[in-house]
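Provided below for reference: sequence and predicted model.
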Amino acid sequence: MNTAPDNGVLSIDLRIADPRWDALGDVDALAAHVLGYAANQTKSAGEVSILMTDNAEMHALNKKWRGFDKPTDVLSFPADGPEIPGEPVHLGDIAMGYETAFGDAQAMGRPFEGHVSHLLIHGFLHLLGYDHIESEDAKVMEPLEATILAGLGWPDPYATGPYAGGTGGS
């Protein structure tokens, strides 16, 4: 489904491949709200494709594209194609795995909607070129994630729990 937030700067193509994601309610509205806000905060525009899937597909994607033989919560695939004049810029694709995302939210004692919001923002920032592998890069990306989440009413995911004080996530 194509979803455009009120600000008109971001177009989202969302595909739900695992019906368990419906536990979040209106996933289209959640993604549009979260990523629309993130796009405003980062002054970004374009198109993003999102796949909400399961651990089996995430495992295959993670193994093929990153060389890790395990499922993960979120993967980002920044677009590398040329811009087409007159068309919105395709920023890239985000894939999320239900079981890992849900299990991590439970293990961290976080509301599933808040954790998914964090993962969407995390993946989106990767599409924009942010990274957290090197500590200097993480010092830029993680506070930006926390600021965007705070604007959406969610706490800083790096302040407490397994991500505190370091690079977590995908």
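Looks like it arrived, so ask away. Residues are numbered from 1 along each chain as shown.

Just give the nearest non-adjacent residue to the most centrally placed residue in the chain, would you?
Nearest to the geometric centre of the chain sits residue 120, at 2.1 Å (C-alpha atoms, centre = their mean). Excluding the flanking residues, the one nearest residue 120 by C-beta to C-beta, 6 or more residues apart in numbering is residue 34, at 4.9 Å. (Each C-beta comes from the backbone N, C-alpha and C, glycine too.)

thinking again about what came up before, ok, the residue nearest to the centre of the chain touching residue 33?
No. Assessed by C-beta atoms under 8 Å, residue 120 is found out of contact with residue 33, at 9.7 Å.

related to what we said a few turns ago, so what's the residue nearest to residue 120 up against?
Contacts for residue 34 were tallied using C-beta atoms under 8 Å, 6 or more residues apart in numbering; they are 117, 120, 121, 152.

One more: residue 9?
The neighbours of residue 9, taking C-beta under 8 Å, 6+ apart as the test, are 36, 39, 40, 44, 45.

again, only using 10 Å
35, 36, 39, 40, 42, 43, 44, 45, 46, 88 (C-beta atoms under 10 Å, 6 or more residues apart in numbering).

how far away is it from residue 61?
Distance of residue 9 to residue 61, given as C-beta to C-beta, to the nearest Å: 27 Å.

Would you double-check that residue 130 falls in a helix?
No. Counting by DSSP: H, G, I helix; E, B strand; the rest coil, residue 130 is located in no helix; its state is coil.

ok, it touching residue 138?
Yes. With contact defined as C-beta atoms under 10 Å, residue 130 reaches residue 138; the gap is 9.4 Å.

what do the two both touch?
Shared contacts of residue 130 and residue 138, defined by C-beta under 10 Å, 6+ apart, comprise residue 145.

where do the contact lists of residue 120 and residue 33 overlap?
Where contact means C-beta under 10 Å, 6+ apart, no residue is in contact with each of residue 120 and residue 33.

Would you reformat the contacts of residue 34 as JSON lines and include pLDDT?
Shown next, in JSON lines, are the contacts of residue 34 (pLDDT from 0 to 100):
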{"residue": "117", "pLDDT": "98"}
{"residue": "120", "pLDDT": "98"}
{"residue": "121", "pLDDT": "98"}
{"residue": "152", "pLDDT": "97"}
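
what ranges do the strands span in this structure?
All strands of the chain, identified by DSSP state E, fall at 2-3, 10-16, 46-53, 74-78, 90-97.

now the helices for this protein?
Along the chain, the stretches classed as helices by DSSP state H are 27-42, 55-66, 98-108, 112-127, 135-151.

deepest of the ones you listed, which one?
Among those, helix 112-127 has the highest mean neighbour count (mean count of other C-beta atoms under 10 Å), at a mean of 23.
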